[in-house]
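J.: here you go, sequence then predicted model.
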Number of protein chains: 2
Amino acid sequence: MILSALVTSVGINTALCFLFLILYTILRNRPSNAELYLPRLVVEGNLREENAFGLRKCLSSFSWVKRAWEATEAELLESSGLDAVVFMRIFVFELRVFQFATIIGIFILLPFNYMGKQLDMDFTDLANKSLETFSISNVDDGSNRLWIHFTAVYIFTAVVCYLLYSEYDDIAALRISSFYSSKPQPKQFTVLVRSIPVTSGKSFSDSVGSFFSECYPSTYLSHSVIHRTDKLKRLINKADKVYKGLVHLKSEVSAQKISNGDGCFGIFGQKSEPVDQYDKDVEDMERNMSAEQLSITREAVPAAFVSFKSRFSAAIVSHLQQGVKPTDWQTEPAPDPQDVYWPFFSASFITRWMCNVIVVFACLIITILFLVPVFIAQGLTNLTQLETMLPFLSGILRMKIVTQVVTGYLPSLILEIFLVLVPPVMIVLSSMQGHVALSQIEKSACIKMLWFTIWNIFFANVLSGSALYRLGIILEPKKFAELLAVSVPGQASFFIAYVVTSGWTVIFCIELFRLKFLVFRILKGGLCCCSNEVEVISNPYHKLVPRILFFSLLGIIYFFLAPLILPFVMIFYGLGYIIYRNQLLNVYIPKYETGGKFWPVVHDATIVFLILMHVIAIGVFAVKKVHFASSLTIPLPILTLLFNSYCQKRFLPSFKGYPAECLINKDRLDHNDPSISSFYERLAAAYEDPAMEAVRNYQASETTPLLRDVSVV
Amino acid sequence: MILSALVTSVGINTALCFLFLILYTILRNRPSNAELYLPRLVVEGNLREENAFGLRKCLSSFSWVKRAWEATEAELLESSGLDAVVFMRIFVFELRVFQFATIIGIFILLPFNYMGKQLDMDFTDLANKSLETFSISNVDDGSNRLWIHFTAVYIFTAVVCYLLYSEYDDIAALRISSFYSSKPQPKQFTVLVRSIPVTSGKSFSDSVGSFFSECYPSTYLSHSVIHRTDKLKRLINKADKVYKGLVHLKSEVSAQKISNGDGCFGIFGQKSEPVDQYDKDVEDMERNMSAEQLSITREAVPAAFVSFKSRFSAAIVSHLQQGVKPTDWQTEPAPDPQDVYWPFFSASFITRWMCNVIVVFACLIITILFLVPVFIAQGLTNLTQLETMLPFLSGILRMKIVTQVVTGYLPSLILEIFLVLVPPVMIVLSSMQGHVALSQIEKSACIKMLWFTIWNIFFANVLSGSALYRLGIILEPKKFAELLAVSVPGQASFFIAYVVTSGWTVIFCIELFRLKFLVFRILKGGLCCCSNEVEVISNPYHKLVPRILFFSLLGIIYFFLAPLILPFVMIFYGLGYIIYRNQLLNVYIPKYETGGKFWPVVHDATIVFLILMHVIAIGVFAVKKVHFASSLTIPLPILTLLFNSYCQKRFLPSFKGYPAECLINKDRLDHNDPSISSFYERLAAAYEDPAMEAVRNYQASETTPLLRDVSVV
């Protein structure tokens, strides 16, 4: 890619960015779009209806940018929880990192690169200069200037580690303070007990009750054994469908009654047959449901949620081995009631094991299939190859603007579109692995998605097809470092285009306009139609975090190789900060909290990126024949790993549970709270399978309750 | 090695074994040797003096063999603790394994090997047959008979895994039952707290007291902060030396007084000068000691032993993170008071870190230095090479008996003598690593010693010198397997000689006669001199377990390669069972208990040995051109690892602590025990640094207590 192509691409994308922001501001202010763009405010009833028009209004309506920028952390914590704060902290952290990197990269490294003579380019025509002129490739082999890069790598690593440490420290403190300020939550008092041993003549419920009331007589509160409810759930779904059909039909019938008057009995008669049929279906369903409900008590799973009167007792039970046999009475902290993923409990051990094997294979297949769009994108960046394959396009491809769009825009667009399809697949795969909480599934999907992105976007692009299958090379560190050193710098321009196109416009266009929902709306009946459906998103982090981290990877890797990428990465984080802070305040309503557990993922990923940078640096210095610098870089990854192990000791335990001191203090505060006894009452019923609850609701009404409900309609 | 050489070697060694046993029986029954051979009985006052002589007595005195064989596990548990039982269980386990292996190996595999024609040997002369004729090397390449070996490997692995599982299960149950039957022990009620945070205006002792009485008001009992006592210890040692000198001198003076009558004042006057000098020294010492003792309270280490009124509370504190900062208030279960290794506490973090680095380098250097005796031993097995190097020996070396002794006896002897020197070094190295308990040091030394033996005796012998330094080959599994497959079978005869010589006679000679102490005695004044020193050994497992496991490695590896080794290994375990059961009942007095924590080491090592066998099997089948069998062996190590991970989940937690259920039950039983309050009193003073205790003893007596003590003498 030459400089002018980059300028064109940046120009197009900047223009698009502004266009999107203006378009968004206009769309956002139409009251009919409130369900789409301010769903949270609609749901929470905080929407102020404003119908004023005119240019002044339009300009002042840009105030959402200001509001998003200025919202304090405390506001965000209150409205969206700790996860949202941590999510925004990722942006703040990356902004800080790349502010520093940009200053060093653009003002120190880039001039030295440009002054090099290795690539032997023409000095006069700046516009036609290849971007490689600004990269480390242009520094002469064996030049002493490489020691500046060497120093930069050391200083950059130190700064990133310092920022990581202070951020980890802050977030750990935030976690404790938000625990202190939290109201009593069921998950704090509850433990999930699995592998309840079978005792002859005793139900699981009896076993749990006698075991815990024996061992913890003063603090044990209640328990609820989990049942195999998959059959019941199927019945309820079927019942719901029939119920909806019935409601629809009856309302149709009564509408006809009204429009035709009482006289047209003929038509009513015709319609009443399916109504009778539905009535019969509902009666059958209820019989089945009652039968299933009777049998369900026999289908208890050897797992239960056990609640205690104090947080400290729950922590003790979840940390200590309970029974003599370590595989019996396995305990772990319970997730929030709305965070529990129920289907897992019904699955047998073999099913789960099989599912895990399937997940591994599925991940492999997806990874291999994804190479197709990667190779298409790579093909587009290499136009001569494309011309040879499709000679009839050569005329069009020789037009300058087409070339620039095809090489600078299309590849990123293709990759991005394919990448959008992956997160839902990863969520499905993670949900098959036997996690008991939605938040665990989300975290697992997030990690899968991160490595998928790194492997399929970074490595698949950087390594040629042949090297990709020589996995053995990873076991030979020296060769691997040199392979990366040779191939990574060459892909700098591709990744700059990727940051500008995907990072600036594609991702934000998708996120800002909530493209998926917008398309649904248009398909349903036009942009302006008033839809009653409010599309809130609950916890979107598994989709966003990996993508955001991927840009961090690019920035870190290319920091000393091709500093030209840095300002673009920095602008990405600035834009992201505003836009996501806005789709958090107005769009997302968190369904569950992980308590900031995403930060360790970000921390670990950043450490891996740094080490990858060090490996490439070792390779680059060796290839550039400054072997002494190459050897002197070797301690850097070791020091980084030592730093990481210190951080893990220092902070990670705080993210796995709460310290005894805090638990005991918080419990003491509760003792003085008069509302705690009513909380205990709610706690006893908090962990009930939604399927059982639905059945109880049906039961609460009298005979043929479904029919009664319908007749009310 | 040819068959006749093996028969000679076995003959010599069997004769030696009998000779040793007879000699031991004679020596053991001499009352003057009781301190050497029955020190435990002497110390415990259970020795019955029997002075009868004659052949009948001599024969009946072989009854120690019978007694050792018949002693029940309960007796052993009572007299020597759980560690001793687990130690004997190792023998029982290995005996079972090699009983089975011997039957399969000798009656099924060996005939098939012998019927092979690969080595194309002369069939008529059995005595001159190379031992290789009986090994897998003699089976024809590509022969279907190799499928018998394949089946044997699978069945053997299954049997070993079954035995491992049942043994682990038994020992875990034994651990719980010995916990239930144990008297209250200080370690069960105590937690070691480290990294006590510095609070301004508060001593560490105040911090600990207020923190734990705040958090655990109902169960906190007491604490004792640890002090930096290294200076004080040096002073005490010096004082002890002076004190002994003074006692010796005064007793000499008084002896002279008696022999010379009161008249010889001249001589007394000459002697009294050094006495005065000593008196002055002692006074100085006491002044220093008092000064040091005053300053010691200022030199507290941020660590303390905190005791609780219940075992359950201690377990809670040691399992849960206590303070907000995970690096503060770090807790772990306390070791027994007599198991505590005090010097560590005085060392700073940097000292410990430096020590660890030194330990790593020291281990490397020892490993490299040890290659010298290994290569000498290897040189001796290769006589032609020795003849070329030392041509003047060729006459002697051509004598048959010399050849047989040199190749079959000397190499093992040399290795064994050098190997005896290593365990004390490993103990010293392990004690530098910052462990807080002697039992931890012993376990660490045991593991070091095990890998040292495996690497320096097995691998260094098996791989040629060049391959030894191509460590990279371990990263290429296929090549590594084939290298082992080519080189391991060739060393079978060397290791058979090693088992017979080292295993049967050298080790047992050293252990049975307590050779080290016997040599000391002889040097001091002849075999029969009556020495008053009773040489008990406390916990010898780090020396014994690795050696015993090494023979297990040889047996497992050569099970299908050269089954001829199996009966010799089995006899080793039989002999060992008798002899060690005897040096446990009569010689060892355990100083501390690890609670059977050696078993997981044995389990893990056996799993590693099995996997090594599988790797060799994969290589052998590939080299023997039965590629299908080679591929079909690949699942075996994977299955073994799965089995291991299941065992770790199922049993390992039981070896790290006790379950809540047991702790709570045991605590409740204590509540009814009237002696518990007196135990609490003792508990409060149990964890006191011996140095501080010594000082208090000095203090308890009046002015110049040392001098007073001496004047009493």
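T.: Done, it's in. In this text the structure is predicted, and so the values were computed from the model without any measurement.

J.: secondary structure element for A:H614?
T.: Secondary structure assigned from DSSP states H and E places A:H614 in helix A:598-623.

J.: ok, the spatially most central residue of chain A - contacts?
T.: In chain A, the centroid-proximal residue (C-alpha atoms, centre = their mean) is A:H542; its distance is 1.4 Å. Shown here is A:H542, whose contacts under the criterion C-beta atoms under 8 Å, 6 or more residues apart in numbering or on different chains are A:423, A:426-427, A:442-443, A:445-446, A:449. In this view, the C-beta of every residue, glycine as well, is placed from N, C-alpha and C.

J.: and of the residues you listed, the nearest to chain B?
T.: The shortest separation between chain B and any of those is 20.6 Å, and it belongs to A:K443 (by C-beta to the nearest C-beta).

J.: these two touch, right, A:R650 and B:P326?
T.: Yes - using C-beta atoms under 8 Å as the test, A:R650 is close enough to B:P326 to be in contact (6.3 Å).

J.: skipping adjacent residues, who's closest to the residue of the stretch 251-400 of chain A found nearest chain B in space?
T.: When you check the stretch 251-400 of chain A against chain B by C-beta to the nearest C-beta, the closest residue turns out to be A:P326, at 3.9 Å. Taking C-beta to C-beta, 6 or more residues apart in numbering or on different chains, and ignoring the residues beside it in sequence, A:P326 has B:P653 as its nearest neighbour in space, at 3.9 Å.

J.: and A:L380, by the same measure?
T.: With C-beta to C-beta, 6+ apart as the criterion, A:L380 has its nearest non-adjacent residue at 4.7 Å, and that residue is A:P411.

J.: pretty sure the residue nearest to A:P326 sits in a helix.
T.: Yes - B:P653 sits within a helix when classified using DSSP: H, G, I helix; E, B strand; the rest coil.

J.: can you get me a residue count around the residue nearest to A:L380?
T.: Residue neighbour count, defined by other C-beta atoms under 10 Å in any protein chain shown, stands at 25 for A:P411.

J.: with A:I638 instead?
T.: Around A:I638 there are 11 other residues, counting by other C-beta under 10 Å.

J.: check the one 3 residues further on too.
T.: For A:L641, the tally of surrounding residues (other C-beta under 10 Å) stands at 13.

J.: ok so it is a helix residue?
T.: Yes - residue state for A:L641 (three-state DSSP) corresponds to a helix.

J.: how much space between it and B:S654?
T.: Using C-beta to C-beta, to the nearest Å, one obtains 33 Å as the distance from A:L641 to B:S654.

J.: and A:I664, by the same measure?
T.: From A:I664 across to B:S654, the span is 28 Å (C-beta to C-beta).

J.: and the two? Which one has more around it.
T.: When neighbours are counted by other C-beta under 10 Å, A:I664 and B:S654 differ, and B:S654 comes out ahead with 22 against 18.

J.: ok, the nearest residue to the more buried one once chain neighbours are set aside - contacts?
T.: Take B:S654 and drop its neighbours on the chain: the residue closest to it by C-beta to C-beta, 6+ apart is B:A172, 4.5 Å away. For B:A172, the contact set (C-beta under 8 Å, 6+ apart) comprises B:651, B:654-655.

J.: one more: A:L642?
T.: By C-beta under 8 Å, 6+ apart, the contact list for A:L642 is empty.

J.: what distance do you get for it to A:N138?
T.: Distance, A:L642 to A:N138, using C-beta to C-beta: 34 Å.

J.: likewise for A:F93?
T.: With the distance defined as C-beta to C-beta, A:F93 ends up 31 Å from A:N138.

J.: more neighbours: those two, which one.
T.: For A:F93 versus A:N138, neighbours defined as other C-beta under 10 Å are more numerous around A:F93 (25 against 21).

J.: if I look at the residue nearest to the centre of chain A, how far off is chain B?
T.: 27 Å (C-beta to the nearest C-beta, to the nearest Å).

J.: now render the contacts of B:A172 as TSV, adding pLDDT and distance to B:T367.
T.: As requested, the contacts of B:A172 are exported to TSV (pLDDT from 0 to 100; distance: C-beta to C-beta, whole Å):
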residue	pLDDT	distance to B:T367
B:F651	89	32
B:S654	86	34
B:F655	89	29
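
J.: which one among these gets closest to chain A?
T.: When the contacts of B:A172 are compared for distance to chain A (C-beta to the nearest C-beta), B:S654 comes out closest, at 5.8 Å.

J.: quick one on the thing from earlier: between A:R650 and B:P326, which is the more surrounded one?
T.: Just comparing A:R650 and B:P326: by other C-beta under 10 Å the higher neighbour count belongs to B:P326, 21 against 16.

J.: helix, strand or coil for the more buried one?
T.: Using three-state DSSP, the three-state assignment for B:P326 comes out as coil.

J.: report the contact partners of it.
T.: A:649-654, A:659.

J.: would you show me how to pick out the buried ones of those residues in ChimeraX?
T.: Here is the ChimeraX command that selects the buried residues among those (16 or more other C-beta atoms under 10 Å in any protein chain shown):
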select /A:650,651,653,654,659
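
J.: biggest helix in chain A by residues?
T.: As far as residue count goes, and with DSSP state H defining each element, the longest helix of chain A is helix A:146-180.

J.: coming back round to it: export the contacts of B:A172 to CSV and append columns for distance to A:L566.
T.: Below are these laid out as CSV (distance: C-beta to C-beta, whole Å):
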residue, distance to A:L566
B:F651, 54
B:S654, 54
B:F655, 53
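
J.: quick check: which ranges of the stretch 601-713 of chain A have low pLDDT?
T.: Flagging of the stretch 601-713 of chain A using pLDDT under 70 yields the residue ranges A:694-713.

J.: pull up the residues of it that are close to chain B.
T.: Contact residues of the stretch 601-713 of chain A with respect to chain B, defined by C-beta under 8 Å from any C-beta of the partner chain, are listed as A:649-654, A:657, A:659-662, A:664.

J.: farthest-apart pair in the contacts of B:P326, please.
T.: Taking every pair in those and measuring C-beta to C-beta, the maximum separation is 14.4 Å, between A:K649 and A:P659.

J.: ok, back up a step: mind listing what's buried in whichever helix or strand comes after the helix holding A:H614?
T.: On the C-terminal side of helix A:598-623, the nearest following helix or strand under DSSP H and E is helix A:627-633. Neighbour-count burial for helix A:627-633, with 16+ other C-beta under 10 Å as criterion, is recorded at A:629-630, A:633.

J.: dump the C-alpha coordinates for stretch A:96-115 into PDB.
T.: As requested, the backbone C-alpha atoms of stretch A:96-115 are provided in PDB (Å, rounded to 0.1, in the frame of the first residue of the first chain):
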ATOM      1  CA  ARG A  96      -3.500   5.600  28.000                       C
ATOM      2  CA  VAL A  97      -1.300   2.800  26.500                       C
ATOM      3  CA  PHE A  98      -1.700   4.100  23.000                       C
ATOM      4  CA  GLN A  99      -1.400   7.800  23.900                       C
ATOM      5  CA  PHE A 100       2.100   7.000  25.200                       C
ATOM      6  CA  ALA A 101       2.800   4.600  22.300                       C
ATOM      7  CA  THR A 102       1.800   7.200  19.700                       C
ATOM      8  CA  ILE A 103       4.100   9.800  21.200                       C
ATOM      9  CA  ILE A 104       7.100   7.500  21.200                       C
ATOM     10  CA  GLY A 105       6.200   5.900  17.900                       C
ATOM     11  CA  ILE A 106       5.400   8.900  15.800                       C
ATOM     12  CA  PHE A 107       7.900  11.400  17.200                       C
ATOM     13  CA  ILE A 108      10.900   9.100  17.800                       C
ATOM     14  CA  LEU A 109      10.700   5.800  16.000                       C
ATOM     15  CA  LEU A 110       9.000   6.900  12.700                       C
ATOM     16  CA  PRO A 111      11.600   9.600  11.800                       C
ATOM     17  CA  PHE A 112      14.400   7.100  12.400                       C
ATOM     18  CA  ASN A 113      12.700   4.600  10.200                       C
ATOM     19  CA  TYR A 114      12.100   7.200   7.500                       C
ATOM     20  CA  MET A 115      15.800   8.200   7.500                       C
END
